[in-house]
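Trainee: How does the following fold in three dimensions:
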Amino acid sequence: MKSSSWGILLLAGLAAASATLPTQKPPLTFEKMVELAVGLYNQKSGENSTFKLLKASPQPSWDASSELPQKFNVTIKATECQTKEKDSEEKCGIQDGKVVKQCSGYFFPKENPPMIVMSCEEAGEKEEEKKDKNEEPQQERAKRSLRKWAKKAKKRIQKFFKKRKIVVAGSIPF
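Mentor: As a prediction, this is how the structure comes out:
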């Protein structure tokens, strides 16, 4: 009798231990991670418009089962929908003339829950900076007047405030 009660207790203990073990989730695919990253950006960025995925560059080194941080790059574009509205993504169309942002970031699968950190900046800003650096200094000195200097200063101030680089981070419900 003693041996059978010990056997029952052992089985009950094993059953309780296996019930408390966390179930392993399937690895997150690149496509699903990108979808979650865009959703995170829309939630945490503080932008007025919601953004939609324009392009995601598949990473050749992406390993869904890896525990190491995974790098990603995406391009997103502002939609006609406002962040405060609860419209579905299908209703929010991308329009010409809206803001396009280049984003890069990391996905940390080992964190519990998994975490995404990404930074985004308006596309084309780097090209404008190159144009400013390539201006001929002699021509600029010859043409500079108080009026042009004021215009240039105004433009740079606007560019400075427009050039907000947004960084978002958050855990994802996966």
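Trainee: how about the helix or strand encompassing residue 119: buried residues?
Mentor: Following DSSP states H and E, one finds residue 119 within strand 115-122. Going by neighbour count (16 or more other CB atoms under 10 Å), the buried part of strand 115-122 is 115-118, 120-122. For glycine as for every other residue, the C-beta is placed from the backbone atoms N, C-alpha and C.
Trainee: Direction included, what does that strand pair up with?
Mentor: When pairing is defined by DSSP bridges, strand 115-122 lines up against strand 100-108 (antiparallel), strand 166-171 (antiparallel).
Trainee: Go through the ones you listed and find the least confident stretch.
Mentor: Lowest mean pLDDT within the strands paired with strand 115-122: strand 166-171, at a mean of 71.
Trainee: What is the burial count for residue 53?
Mentor: Residue 53 has 18 neighbouring residues, counting by other CB atoms under 10 Å.
Trainee: what's the answer for residue 61, then?
Mentor: Other residues near residue 61 come to 8 when the count uses other CB under 10 Å.
Trainee: residue contacts, it?
Mentor: Applying CB atoms under 8 Å, 6 or more residues apart in numbering, we find residue 61 in contact with 70-71.
Trainee: quick one: it is in a helix?
Mentor: No - assessed with DSSP: H, G, I helix; E, B strand; the rest coil, residue 61 is coil; it does not lie in a helix.
Trainee: For it, report the pLDDT, please.
Mentor: 78.
Trainee: what's the single longest strand in this structure?
Mentor: In the chain, with assignment by DSSP state E, the single longest strand is strand 70-82.
Trainee: Next, the contact list for the nearest residue to residue 95 once chain neighbours are set aside, please.
Mentor: Of all residues not flanking residue 95 in the chain, residue 80 sits nearest, at 5.5 Å (CB to CB, 6 or more residues apart in numbering). Neighbouring residues of residue 80 by CB under 8 Å, 6+ apart: 49, 92-93, 95, 98.
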